[in-house]
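Undergrad: here's a sequence, model it:
(chains A and B)
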Amino acid sequence: MKRDLMKKLMSMVIASTIIAGCLTGCGSTSGATSDDPISIGASFPLTGSIAADGQTCVDAINLAIKQANEAGGINGRTLKLETGDDEGTPTSAASIANKFVDDDKILAVVSSYNSSCMLAQVDIYSEAELPCISPVATTPALTGVSDFFYRTAPNDADCGSYAGDFLKEKGISKVALFYENDDYGLGLAEAFEAKCAELGIEIVTTQTYVYGETVDYSTQLTATSGSGAEAIFVCGCVTEMGLICDQRSDYGCGDMMVLLGNGGYAPALLDYNTEGVYVQGEFDREQSEKAKEFVEAFKTEYGYEPGNWAASAYDSALIVIEAMKECDGDITRASINEKISGISFPGVCGNYTFVNCNSTKEELMFQVTDKKFALIK
Amino acid sequence: MSKIKELINKIKKIRLSKMQKLVALIALIALIVAFPYMVNDKYTIHVFILCAMYACLTLSLNLIIGWSGQFSLGHVCFYGMGAYVTTLLMMNFGMNFFLATLISIVFTSTFAMLLCLPTLKLRGDYLAVITLGFGEVFRLFLTNEVDLTKGPAGIPSIPDPVIFGYAIKGKQAYFYFIMILLVAFIAFMKKFNNSGFGMAMMTVNEDDIAATAIGLNTKKYKLLGFGIGGGMAALMGSFYAVYMGMISPTSFAYAESIKMVSMVVLGGMGSIPGSILGAFLLTALPELLRAFSEYRMVLYGALMVVMMIFRPEGMWSRASRLKNEYKIKAEK
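TA: Below you'll find the model as predicted:
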């Protein structure tokens, strides 16, 4: 019996030593030497319902890194991408952020897709003084949130007021507001409502739908047709916008002007009945040389056309890379952050400088003409 | 597989004397206290905090499923309610975290019992569907009641809890905080398990009619099962809110309920060590599997299937304890 107990105790001791050994192993991180590759972290949803959207951002960042490495890297050091799957949930996003923060080799982060994930991460990055650029998180709650956070994504507040101004210019006084019921749709809708109140545009009806689920818009469009609206403004994503455009004439809304938020600026929109529809966009794929080059390179690499967020993610990565180049050899989290905060960078979507976490890049307005996005403003 | 079984057998057979128990306890406390200093690694500490949090949540759900025998698929509703009530009280009335948590526990408990009231006669699948529906209703309420809950955008910058003028801030403080909560939960569940009340609840779980025959008020035990489990989940929701610093309806989606049910089922229904084991495994596993990037979720699913094939009753189930599967000799 006694020997048995000894055996048990011994095995317990050994087991606990092994566990302790593993744990301390986790804690040790080696300092980066000057020849090591520099890592950039990217946290996006790579599983779940928005996995495709997350993947297109990662593809764009990978493209930027590949091009930079082909051009010789940064002071001879190559760049490496560390991706993390945040599943589109804040809890996972926080896990990824902690992982990135602990990794000494990661000197900057491009993250994240959902605003809620970004909000869960931003404090963790700031505390570790790790600079982060978000290509997609648009919520106004992120304005001025930290000295280490920037976004190439437009602020919903700016987009909403841009849309309001545009409708005013077009002489619209009564508008129907459609939005998808999530943080993106609601954020944009609220900003738009505020601007309309200021400009004296009346919102005659507000209709909601669910991203990825609603396919039949008869209720929303019937309510709109009887409301006296002269225009419809939609805050949402491509598929739903396309369906609304397809179905609008069946329910008596065919004559109304349609304005789509920046979520609609993707080639997939052109497959729907969207002739004459106005779309807010982030980059001009038809005319800007930079954008053309990017679209071409992206298509050859991945075989599909990039949308708004891919372009924005590409710009985010380019800004991080540019800041690293400007650091002139002394590449640390702090020096990169300092360079990003003072950067003035011409990207695919326009010229970036950062004020209060937001970029000062201008919004663009397109009209679908002959199955193409024509820049009108 | 048999080796693992043997190992579990061995561990289960270990009977320690009082002195040895005391030494083990002190060693465990020392390990917990030293842990954040040993691993100066935020990610590891963060994963352990999540593990401990899910262990507490699993215990609370196990009380409803394992002890009171009511299959609930809407646990996220109580968890989320706790998070939202506490947060709203803290943000709108500047209330102290602990007071707000107390109110949210009472509120959620009452609510859980009210939800249970009309469903008392339902068991099994029917109750599961009702609770499942309720979890969804709750999420939609959070999403659409924009004026109250700020809707899908969520509530950011939730302040840290303050106790006696000291703010709980940073990973280490939260690690100690959740460990204290976990120990309290385990102590409570042990007490509960061995109490007459707990036994009575298990009797009601095993057989309604027999329980009535020996004079037990079955309604009371079912209601309180939901009430206590709901209250415990609310406490964890409150912890989650202050730890993450932001809450949004996406954190309280249906998938989260399923995750907790998986932890209960894989760990072992009606078992305290099983709950903890299940929670630690299912929280740490997806993190450990991150190295496999895109195959991560496939592997995770496959491992769950394998576990269910080889140990359908859970890893450390009450059933095996009752059957004395491991041939534990009674203490002399």
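
Undergrad: show me which residues of the stretch 201-332 of chain B are close to chain A?
TA: Applying CB under 8 Å from any CB of the partner chain, we find that the stretch 201-332 of chain B lies next to chain A at B:244-248, B:250-251, B:253, B:287, B:290, B:293-294, B:296-297. Where C-beta positions appear, they are placed from N, C-alpha and C, glycine not excepted.

Undergrad: let's see that with 10 Å instead.
TA: Residues of the stretch 201-332 of chain B lying close to chain A (CB under 10 Å from any CB of the partner chain) are B:240, B:243-253, B:255-256, B:283, B:286-287, B:290, B:293-294, B:296-298, B:300.

Undergrad: just the buried residues from the residues you listed, in ChimeraX please.
TA: Per 16 or more other CB atoms under 10 Å in any protein chain shown, the buried members of these correspond to this ChimeraX selection:
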select /B:240,243,244,245,246,247,248,249,250,251,252,253,256,283,286,287,296,297,300
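
Undergrad: out of the residues of the stretch 201-332 of chain B next to chain A, which sit inside strands?
TA: Counting by DSSP state E, no part of those is found in strands.

Undergrad: and the longest helix for chain B?
TA: Longest helix of chain B, by residue count under DSSP state H: helix B:218-244.

Undergrad: show me what that one is packed against.
TA: If contacts are counted by 3 or more CB pairs under 10 Å, 6 or more residues apart in numbering or on different chains; DSSP states H and E, helix B:218-244 sits against helix A:90-102, helix A:115-127, helix B:42-62, helix B:75-93, helix B:97-116, helix B:170-194, helix B:196-206, helix B:208-213.

Undergrad: can you tell me the closest non-neighbouring residue to B:Gly231?
TA: Excluding the flanking residues, the one nearest B:Gly231 by CB to CB, 6 or more residues apart in numbering or on different chains is B:Ser109, at 3.9 Å.

Undergrad: now do the contacts for that neighbour.
TA: Listed by CB atoms under 10 Å, 6 or more residues apart in numbering or on different chains, the contact partners of B:Ser109 are B:Phe78, B:Gly82, B:Leu224, B:Phe226, B:Gly227, B:Ile228, B:Gly229, B:Gly230, B:Gly231, B:Met232, B:Ala233, B:Ala234.

Undergrad: most neighbours among the residues you listed, which one?
TA: In terms of neighbours by other CB atoms under 10 Å in any protein chain shown, the contacts of B:Ser109 top out with B:Phe78 at 36 neighbours.

Undergrad: in this structure it contacts B:Gly237, no?
TA: Yes - between B:Phe78 and B:Gly237 a contact is recorded at 7.3 Å, counting by CB atoms under 10 Å.

Undergrad: look up how far chain B lies from A:Glu129.
TA: Relative to chain B, A:Glu129 is positioned 13 Å away (CB to the nearest CB, to the nearest Å).

Undergrad: actually A:Lys371, not the one I wrote
TA: Taking CB to the nearest CB as the measure, A:Lys371 falls 33 Å from chain B.

Undergrad: let me know the pLDDT of the nearest residue to that residue once chain neighbours are set aside.
TA: Nearest residue to A:Lys371, sequence neighbours excluded (CB to CB, 6+ apart): A:Leu270, at 5.1 Å. A:Leu270 carries a pLDDT score of 89 in this model.

Undergrad: centroid-nearest residue for chain B?
TA: Centroid-nearest residue in chain B, with CA atoms, centre = their mean: B:Leu57, separated by 1.6 Å.

Undergrad: how about that residue, what does it touch?
TA: By CB under 10 Å, 6+ apart, the residues touching B:Leu57 are B:75-76, B:78-79, B:185, B:229, B:232-233, B:235-237, B:239-240, B:256, B:259-260, B:263-264, B:275, B:279.

Undergrad: over to A:Val238?
TA: Counted by CB under 10 Å, 6+ apart, A:Val238 has contacts A:260, A:263-272, A:279, A:307-308.

Undergrad: give me the buried subset of those residues.
TA: Here the buried ones among the contacts of A:Val238, as counted with 16+ other CB under 10 Å, turn out to be A:Leu260, A:Gly263, A:Gly264, A:Tyr265, A:Ala266, A:Pro267, A:Leu269, A:Tyr272, A:Val279, A:Gly307, A:Asn308.

Undergrad: of those, which belong to strands?
TA: A:Leu260, A:Val279.
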